[in-house]
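K.L.:
build the 3D model from these lines:
(one chain, ligands or ions: 1)
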Amino acid sequence: MSGLSVRDLRVVFDGFVAVDGVDLDVPRGDVRFIIGPNGAGKTTLVDAITGLARATGKVTWGDHDLLGRKVHRIARLGVGRTFQTATVFEELTVLQNLDIAAGWARRPLTLLRRRKAVPPEVEKAMETVRLSAVRDRPAGTLAHGQKQWLEIGMLLVQNAELFLLDEPVAGMSHDERDATGELLGRLSEDHTVVVIEHDMDFLRRFARTVTVMHAGRKLAEGSVAEVQANPRVQEVYLGHAVQEA
Ligand SMILES: Nc1ncnc2c1ncn2[C@@H]1O[C@H](COP(=O)(O)OP(=O)(O)OP(=O)(O)O)[C@@H](O)[C@H]1O
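P.N.:
Numbering: from 1, shown residues only. Coordinates of the predicted model:
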């Protein structure tokens, strides 16, 4: 089945063109990083794909057209998204958060009881995001990185196939970044991953392909090496980072 396809996507806010005719193809199984200076339109692009921003053009995931659908319908088609700030239920445990996301805890009372049997997909997601050991801890007591991983786990149990992650390693320690990079690798074994990221070191280590945006348009695309070697990219964005590296 084909992956994510975006054609001539345009998002206009009160006359300001935030995304200006973007085409994007992310094949299944890719780990695509989207980079670009502040205001390039990266988050707006993801907002449009996930139904949060009104857009024109065409967006398909597999056989499904996404534009014009409601946010929850797009999520049900297997498109999962995280935000820069994790949105987990802080008072509930890791397991309860995953249960809710999986739709297993249908009655509030079941949340208050300790589970005897953990549904297999919840168990699997906990292992994938490496949170099994802290399953009974309230999410509010988790480290910053663990909260981000819990959010990814919640998308896993919702059967997301395409993960759109907005700056997943912002504010993370070095070790947490490494662990997140490894998690992206595990996720990509049977999912497609798109990452908006500013951290160039993280990108060099974990991106498979890169799309560079600038002023609402796609500036360049290719492997990390190709994009880094592109003079236009160096001029608007990477020049700075390349010199620093
Ligand atoms: N709801 C909105 N209303 C008006 N303008 C908006 C809105 N959302 C975003 N913009 C503008 O659209 C442009 C693109 O913003 P966007 O957040 O997509 O950029 P970005 O590439 O994700 O930047 P950053 O790296 O800073 O997150 C910016 O100029 C921003 O001010």
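
K.L.:
L184 touches V193, doesn't it?
P.N.:
Yes. The criterion here is Cβ atoms under 8 Å, and L184 meets it with V193 at 5.7 Å. For every residue, glycine as well, the C-beta is placed using N, CA and C.

K.L.:
shared neighbours, the two?
P.N.:
Both L184 and V193 are in contact with V31, where contact means Cβ atoms under 8 Å, 6 or more residues apart in numbering.

K.L.:
mind listing what the spatially most central residue of the chain touches?
P.N.:
Nearest to the centroid of the C-alpha atoms of the chain, with distances taken as Cα atoms, centre = their mean, sits L165, at 1.6 Å. Shown in contact with L165 (Cβ under 8 Å, 6+ apart): R81, T82, I152, V193, V194, V195, I196.

K.L.:
need the distance between the two termini of stretch 69-83.
P.N.:
20 Å (Cα to Cα, to the nearest Å).

K.L.:
nope, stretch 193-205 is what I was after
P.N.:
15 Å.

K.L.:
likewise for stretch 224-233?
P.N.:
Using Cα to Cα, first and last residues of stretch 224-233 are 11 Å apart.

K.L.:
one step back: of the contacts of L165, just say which sits nearest to L131.
P.N.:
Among those, I152 lies closest to L131 (Cβ to Cβ), at 9.8 Å.

K.L.:
check contacts around the spatially closest residue to that closest one that is not a sequence neighbour.
P.N.:
Excluding the flanking residues, the one nearest I152 by Cβ to Cβ, 6 or more residues apart in numbering is V129, at 5.5 Å. Neighbouring residues of V129 by Cβ under 8 Å, 6+ apart: W149, L150, I152, G153, L156, L183.
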